[in-house]
Every structure is written in structure tokens, then in C-alpha cells.
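would you be able to build a 3D model of this:
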Amino acid sequence: MSFREYRIHQNPQKAGLVRELRDYPWSSYKEYVEKQRVVDTEFVYGIVDRADFEEFNASKSSEVGLEYEDRKVGVPDSDAKKIIGEACGEPSLTAIQRMDASERGRHLKKFKEAGMSIRQISRLTGISKGIVERA
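I've put the predicted structure just below:
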């Protein structure tokens with residue numbers, strides 16, 4: 001294939017937001033491989049055939065596309081929410097905010113050990129990034 005070695009559709013996967021490309025809800029990837037709704041897929045498929053497009057996006061690329069070269073794939077938000085909910089003993093992600101500092105710190109440390117990023121933990125729990133970093 002002769003097009004550039006950059007697979008923008010893989011960014012959510014590389015960032016650890018999803019395991020499969022088609023699972024990221026704000027990507028046009030699903031429109032290309034499933035059902036066209038908004039994107040003019042015929043334009044792209046006029047340049048490259050569908051099988052080549054899917055093969056290109058399924059193959060691992062050599063470029064990083066993110067600022068961290070050694071970044072490991074993280075925990076998708078759906079899994080992270082389950083982990084947080086189970087740790088708190090209730091489905092509310094904000095329940096961890098009501099815990100005393102030492103108990104909350106133990107949970108935050110476990111979330112990081114499970115592969116969740118500091119930013120992700122902060123975003124999902126509403127706890128400041130600084131507190132999550134120090135845990």
C-alpha cells in the first residue's frame with residue numbers, strides 16, 4: 001500500500017481508551033467498516049478498496065502518534081468504571097469522594113496498579129489530579 005504510515009483511527013486504542021477500534025464512539029472508523037451515516041465513505045473507497053482499508057487499520061503501525069513512546073495500553077473507561085464501582089461497594093463513581101483519606105488513598109493506589117491513568121482516575125472519580133498522583 002502506498003499511503004502514509006499514519007493510522008489516526010488507532011489513536012483511541014493507543015491511548016488506552018478502547019481495546020477495539022470500532023468501540024470508540026467518536027471515531028468515523030465504524031462508518032467505514034459497518035454502516036455509513038455521516039461520512040462520505042465512497043470517496044475514500046474510490047481511492048482504496050475496502051479490504052485494503054480494513055487491513056491497513058488492523059495492522060500495527062510503527063509510528064507512535066502520542067507524546068509517550070513507551071505508553072502501555074490502559075484500561076478502557078467501561079472497565080475502569082466497573083473497577084471503581086466494585087471498590088466502592090456501590091455503582092456510584094463518586095462514592096470514593098466520601099471515603100476517609102487513608103481508605104481513598106488505598107483505592108486510588110489500586111486503581112493505578114490496575115493500569116488506570118492518573119488523568120482517567122481523576123476524571124471518573126472527580127478527585128483532583130494532585131490527590132490521585134500522591135496516592
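
so how far is residue 92 from residue 133?
Look at residue 133 and residue 92: by C-beta to C-beta, to the nearest Å, they are 23 Å apart. C-beta coordinates here come from the backbone N, C-alpha and C atoms, glycine included.

now swap in residue 124 and tell me
11 Å.

got it, and residue 114?
Residue 114 is 19 Å from residue 92, by C-beta to C-beta.

so those two - more neighbours on which side?
For residue 114 versus residue 92, neighbours defined as other C-beta atoms under 10 Å are more numerous around residue 114 (15 against 12).

break this protein into its domains for me.
When the chain is parsed with automatic domain parsing, its domains come out as 8-58, 77-134.

could you dump these into TSV and include mean pLDDT?
Converted to TSV, the domains of the chain look like this (pLDDT from 0 to 100):
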stretch	mean pLDDT
domain 8-58	85
domain 77-134	88
